[in-house]
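In: I'd like to go over a predicted model; first the sequence, then the structure.
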Amino acid sequence: MRPRSAPRSILGVNNLPPAERDAYYTAIIPLELLGQFGIHPHTFTDAQGHRLLQIIAPPDTGSAELDLRPYAGAPDPLLYAHIADTPNNQIEVLLVVVNDPNSPRFDTDRMPDGTPTDFGTRRRNIPEEVRAMAAGLAPGQVRRGLRLSGQLVPRFEAFVASLGHELVIIQPLAYHNAIRFERMGFGYISGKAYMEWIDVGFQPGGELYARLDGSTPFRQPGAEKTVRGRSWAIHDGLLGEPFQGVRMYKRVGQYAGVSTFSGGW
């Protein structure tokens, strides 16, 4: 049973003494990840004593960020997570990024002059996106991931349960994210009909299928057959609008069993 005084929100956790606050947030990090990269599981330091974890969780705010680096001075996080309270008192995972630091980097997140692309929503580094796609990455990725989703989701479930909640809320930023969350047991708060419409559109004879005309590297015939192929085409503007309006949930310990596309990755 949870103590009566235990926090029920990110705001409540952020207002705890730093050591207690950090204990809540570091429980999200898989121990296997720390062991794989030689990071101490309690101090989050490397063998030389450099602290590799930054927690940004100001008091009196309902937002928290975790930034774990694979080594001191690493340009990209090993694991980044941003979680926040919602207006209706739920816990939402705003963003999760996992990078394999030993894999090649693709500068899809910045232009040649260093200007951020904001995940390709404001501007796009097309040559780097083409390279990333050819290497098997999905939109928004700068490096290959570490296949940690199966470990992270139960930890987010345990985290929200520790705050007395039953749901993990998430807003997928891209089509492939939504499909991945489906396959991990998430259902839809909003956007299921939209996802089903996309699937119908990619069927032979469909509106989106017809737009896979080879006019760009991301709109090649056959892209409809895979999750990544569809996601790159959508990222390229195939829908005529940004991918948006999808929110998902997972009830702690339950699998929703929703599927809007059964094709391969």
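Out: Nice, thanks for sending it over. Residues are numbered from 1 along each chain as shown.

In: low-scoring pLDDT stretches of the stretch 1-150 of the chain, where are they?
Out: 1-4 (pLDDT under 70).

In: Apart from its chain neighbours, what residue comes closest to Gly214?
Out: Once flanking residues are discounted, Gly214 sits nearest to Gln220: 5.6 Å by CB to CB, 6 or more residues apart in numbering. (Each C-beta comes from the backbone N, C-alpha and C, glycine too.)

In: ugh, wrong one, I meant Pro217
Out: Nearest-residue entry for Pro217: Val130, 5.0 Å, with adjacent residues in sequence omitted and distances by CB to CB, 6+ apart.

In: Surely that neighbour forms part of a helix?
Out: Yes: counting by DSSP: H, G, I helix; E, B strand; the rest coil, Val130 is found in a helix.

In: my read: it touches Thr216, true?
Out: No: in this structure Val130 lies outside contact range of Thr216 using CB atoms under 8 Å: 9.4 Å.

In: Am I right that Val97 is in a helix?
Out: No: going by three-state DSSP, the assignment for Val97 is strand, not a helix.

In: need the contact list for it.
Out: Neighbouring residues of Val97 by CB atoms under 8 Å, 6 or more residues apart in numbering: Pro77, Leu79, Tyr80, Ala81.

In: Just put those residues in TSV and tack on neighbour count.
Out: As requested, those are arranged in TSV below (neighbours: other CB atoms under 10 Å):
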residue	neighbour count
Pro77	19
Leu79	23
Tyr80	17
Ala81	23
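
In: Can you tell me which of those end up in strands?
Out: Counting by DSSP state E, those place Leu79, Tyr80, Ala81 in strands.

In: Just list the residues touching the second one, thanks.
Out: Going back to what we said before, that points to Tyr80. Taking CB under 8 Å, 6+ apart, one finds Glu65, Leu66, Asp67, Leu68, Leu95, Val96, Val97, Val98 in contact with Tyr80.

In: circling back to that earlier point, what is the neighbour count of the residue nearest to Gly214?
Out: 16 (other CB atoms under 10 Å).
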